[in-house]
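*Asks:* Quick one, what's the 3D model for this:
(chains A, B and C)
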Amino acid sequence: MLELRLVQGSLLKKVLESIKDLVTDANFDCSATGFSLQAMDSSHVALVALLLRSEGFEHFRCDRNMSMGMNLNNMSKMLKCAGNDDIITVKADDGGDTVTFMFESPNQDKISDFEMKLMDIDTEHLGIPESEYEAIVKMPSQEFARICKDLSTIGDTVVISVTKEGVKFSTKGDIGSANIVCRQNTSVDKPEEATIIEMQEPVSLTFALRYMNSFTKATPLSNSVTISMSSDLPVVVEYKIADMGYIRFYLAPKIEEEEGES
Amino acid sequence: MLELRLVQGSLLKKVLESIKDLVTDANFDCSATGFSLQAMDSSHVALVALLLRSEGFEHFRCDRNMSMGMNLNNMSKMLKCAGNDDIITVKADDGGDTVTFMFESPNQDKISDFEMKLMDIDTEHLGIPESEYEAIVKMPSQEFARICKDLSTIGDTVVISVTKEGVKFSTKGDIGSANIVCRQNTSVDKPEEATIIEMQEPVSLTFALRYMNSFTKATPLSNSVTISMSSDLPVVVEYKIADMGYIRFYLAPKIEEEEGES
Amino acid sequence: MLELRLVQGSLLKKVLESIKDLVTDANFDCSATGFSLQAMDSSHVALVALLLRSEGFEHFRCDRNMSMGMNLNNMSKMLKCAGNDDIITVKADDGGDTVTFMFESPNQDKISDFEMKLMDIDTEHLGIPESEYEAIVKMPSQEFARICKDLSTIGDTVVISVTKEGVKFSTKGDIGSANIVCRQNTSVDKPEEATIIEMQEPVSLTFALRYMNSFTKATPLSNSVTISMSSDLPVVVEYKIADMGYIRFYLAPKIEEEEGES
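*Replies:* Next up, the predicted model:
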């Protein structure tokens, strides 16, 4: 039997909003460690990994490891019916073919039960090795989202270049080109407004803006985003989920075009 | 001659917004009692009844009973041109073929006259008998609107079941099922937040959510909604209009399917 | 070389939003006087004239007169990438075929360069004679925008009639007719709320509402709008840009139909 009670239910709503456009169907895995998900996007280009640790739940009962296949769009429809202050409990029987989302309003006057059918989804779980990254940029998540959105109005891809001074986002398109430089800045009033660069050596990688924009759907989950890059590895775009875990997006860089080509 | 001056003109705007999607053309009836309307929706399934009592108007002159046929969409277009703080006066000559809506801004700097052509509409006025209801639920209107909207994402019909403990709204659809229970609750800070159940005997009736959602367009008119049900009568969903009257929606229940059928 | 630094960069964003729907491509002219534009709309019915005086810029360097052809839609896309508090600098080399918009965030942490290709646009600069107008109405710009929008829901044209008492906006359409009268009013708390009428003789002119609605896109630039009318001249709808200049729209009146014709 599975019973996960999350007082800050809005977290689960935000998690779904951040991945449902990228991934259609996915297995949620539940174990003593926590509630997690790993899935490729439909075109098998990007990977999303979610972890909500068991300690972050008010109540976490998971008698045996379970993998529950869900259609994320349907799951999102149900979670949208939860109020933002509701407590959400996820319930499932061992071997059952449904999952139940229970929503309790703060004053307990309104109790909702939404039962959803589970799906069988074949997936292979990829082992993602912990890697050392040549450059790690931590910056305000809203700033990153704004930059990706702005550059999309000009071009299709973004070159992210990290030096000690800052991180540069560049694009080119039919109507012109754009460069946005964010300088390292640690002397800010609030820690989440800082832009911090940890760099072994300069990196410059090219990515499809379409995916970056999709990743920024996770912005409501965290004030900061961490972008980890190495020249021979997929970029990791990570949003921490306070006291619970993280959502991480992996995306392989595009092979860079020669300078001078359009 | 007809001249009805309504200081709180935004009320009339809200009334129109709450019925214009349900009813296309309707006769507004004016008599010494007040300004009223009774109309079926275009598929003849739901009935709406509006009453604005003469006492609620700052000035109410109606020399003889009049029935004015209006296209509610056109009327709504004109009323949308009134500011939310404007005083609205409805004017018509006996036997004329137009109605004039006059809008006065609070400081009297801006005076607008909108003249609309009247229509001939054949309708039979139904006598609606006052009935005793087996169960009457009074609840916050926004809560009711939210529930109808939420359940629509899952199914097409709602089963409303009243017991002494509370009222349950249920639906089923392709992606799963949902039950939302609102408990009786009278110990609230503001009276309009109360959920109050008056019940002779338990009732459980099924309705099309499409109509329920349409009725909830009246939510801005009142903080509370009253749902009156008997097993052999149409449900009445009533929004009181402060100091003036009400808007009531009537809808026949669907014949309930056997348990076990989908 | 050209380098124009505008601390209140949001002004330039608002200017673009107010003209880009009316004009597709236009030449921006730069001289010691300032940054200006004159263009006809695509159907050659309305004329827009913009002036941003050099004194309004923090830094204004224009070594020689330049005329830069820009696609206003593309320019708007780039300016939308500037934050509302950003400083905007417009840069161009003499004889170059690009213009650069540089955006600096208030704390200088984020610097963006957007480079746009210039276009060759053939235009003849019209000399607009200074004229005496029979009637000049100054009124709140939001009120004027609201009136044009409201009347568009009823008809296609507006008759603007000025008398000493006030200004009347009228329209007619299939569903009825509308008259909105704004009275002269100088006893207001804030000067921008005043409606002031300077009149040599009464004027009544008819205009296409489509254009009037397009002009009101400039509303965010100024709290007041000035409408100058003479029976034999195009109307001038002017929005002052604080400390910098103005944006003026010119539109020829429609030949008025005989009374009684529809």
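*Asks:* got the contact list for stretch A:56-63?
*Replies:* Stretch A:56-63 has contacts (Cβ atoms under 8 Å, 6 or more residues apart in numbering or on different chains) with A:1-7, A:30-32, A:34-35, A:54, A:87, A:89, A:94, A:241, A:243-245. In short, each C-beta sits where N, CA and C put it, glycine included.
*Asks:* same thing but 6 Å
*Replies:* Here stretch A:56-63 makes contact (Cβ atoms under 6 Å, 6 or more residues apart in numbering or on different chains) with A:Met1, A:Leu2, A:Glu3, A:Leu4, A:Arg5, A:Leu6, A:Val7, A:Cys30, A:Ser54, A:Asp243, A:Met244.
*Asks:* Also stretch A:100-116?
*Replies:* With contact meaning Cβ under 6 Å, 6+ apart, stretch A:100-116 is reached by A:78, A:82-83, A:85-89, A:91, A:98-99, B:176-183, B:185.
*Asks:* Going by neighbour count, which of these are buried?
*Replies:* Buried residues within these, counting neighbours by 16 or more other Cβ atoms under 10 Å in any protein chain shown: A:78, A:82-83, A:86-89, A:91, A:99, B:176-182, B:185.
*Asks:* Could you tell me which of those are located in strands?
*Replies:* A:Ile87, A:Ile88, A:Thr89, A:Lys91, A:Val99, B:Gly176, B:Ser177, B:Ala178, B:Asn179, B:Ile180, B:Val181, B:Cys182 (DSSP state E).
*Asks:* Of all pairs in those residues, which one spans the longest distance?
*Replies:* Pairwise distances among those were taken by Cβ to Cβ; the largest, 23.5 Å, belongs to A:Val99 and B:Cys182.
*Asks:* re the thing from before, and which of the ones in strands among the buried ones among the contacts of stretch A:100-116 is nearest chain C?
*Replies:* The nearest member of these to chain C, counting by Cβ to the nearest Cβ, is A:Ile88 at 35.9 Å.
*Asks:* hang on, isn't that closest one packed against A:Leu6?
*Replies:* Yes. With contacts counted by Cβ atoms under 6 Å, A:Ile88 reaches A:Leu6, the gap being 5.0 Å.
*Asks:* Can you pull the residues that touch both of these two?
*Replies:* A:Leu12.
*Asks:* where do the helices sit along chain A?
*Replies:* Listed in chain order, the helices of chain A (DSSP state H) span A:10-19, A:72-79, A:141-152, A:209-215.
*Asks:* so where's the stretch 151-262 of chain A shaky on pLDDT?
*Replies:* A:256-262 (pLDDT under 70).
*Asks:* List, one by one, the residues from the stretch 1-150 of chain A near chain B.
*Replies:* When proximity is defined by Cβ under 6 Å from any Cβ of the partner chain, the stretch 1-150 of chain A lies next to chain B at A:Asn74, A:Lys77, A:Cys81, A:Asp109, A:Lys110, A:Ile111, A:Ser112, A:Asp113, A:Phe114, A:Glu115, A:Met116, A:Lys117.
*Asks:* pLDDT and neighbour count added to those residues, as TSV?
*Replies:* Output for these, formatted as TSV (pLDDT from 0 to 100; neighbours: other Cβ atoms under 10 Å in any protein chain shown):
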residue	pLDDT	neighbour count
A:Asn74	97	21
A:Lys77	97	21
A:Cys81	98	21
A:Asp109	93	20
A:Lys110	96	22
A:Ile111	97	18
A:Ser112	98	24
A:Asp113	98	16
A:Phe114	98	28
A:Glu115	98	18
A:Met116	97	22
A:Lys117	96	15
